[in-house]
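Colleague: Based on what follows, work out the 3D shape:
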Amino acid sequence: MKLYNWAFKQWAFKKLYEAGQGVARIPVAKGEKPQVEAVCTKPLGARVSRVRGKEEKLEVALEVPPMVPAPVQKGQTLGQGVVLRDGKEVERVPLVAGEEVARATLAHVLRRSLKLFFCPSL
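Modeller: Have a look, this model is predicted:
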């Protein structure tokens, strides 16, 4: 039993993002809102060694499209978050839409276009 406990003490889970935490904002084509937030479905991280003098570097790569078409449903899969250790994949977590974005109406698109035309700095 001591060996079993010792082995578990050698490793820890390094959490990079919490479940439900936003990791990216993705533009929405023809949506009422210009962007939608991509959130993690479960904690994004990896197990790291607790051995002294050995600091492990973890990186997160987001595999998301450059733009998603409207409408976007809450919980719709938008991409994946990949945890890398020394360039190798360690864990992969789905990223979903944190909010719903409806398709923009013609009036909404015209209003947005006029605002961009007359007030480009806003």
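Colleague: State the distance from the spatially most central residue of the chain to Lys2.
Modeller: The residue lying closest to the centre of the chain (Cα atoms, centre = their mean) is Val23, at 3.5 Å. To Lys2, Val23 is 40 Å away according to Cβ to Cβ, to the nearest Å. No exception for glycine: its C-beta is placed from N, CA and C like everyone else's.
Colleague: now swap in Gly75 and tell me
Modeller: Between Gly75 and Lys2 the distance is 45 Å, computed by Cβ to Cβ.
Colleague: Look at these two and report which has more neighbours.
Modeller: Neighbour totals were compared for Gly75 and Lys2, and Gly75 leads with 12 against 6 (other Cβ atoms under 10 Å).
Colleague: so the more buried one makes contact with Pro94?
Modeller: No: using Cβ atoms under 8 Å, Gly75 is not in contact with Pro94; the gap is 10.2 Å.
Colleague: quick one: buried residues of the helix or strand encompassing the residue nearest to the centre of the chain?
Modeller: Assigning secondary structure by DSSP states H and E places Val23 in strand 22-29. For strand 22-29, the neighbour count (16 or more other Cβ atoms under 10 Å) marks 23, 26, 28 as buried.
Colleague: any chance of these in a markdown table, with distance to Val109 and pLDDT too?
Modeller: A markdown table is the format used below for the buried residues of strand 22-29 (distance: Cβ to Cβ, whole Å; pLDDT from 0 to 100):
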| residue | distance to Val109 | pLDDT |
| --- | --- | --- |
| Val23 | 28 | 94 |
| Ile26 | 19 | 96 |
| Val28 | 12 | 94 |
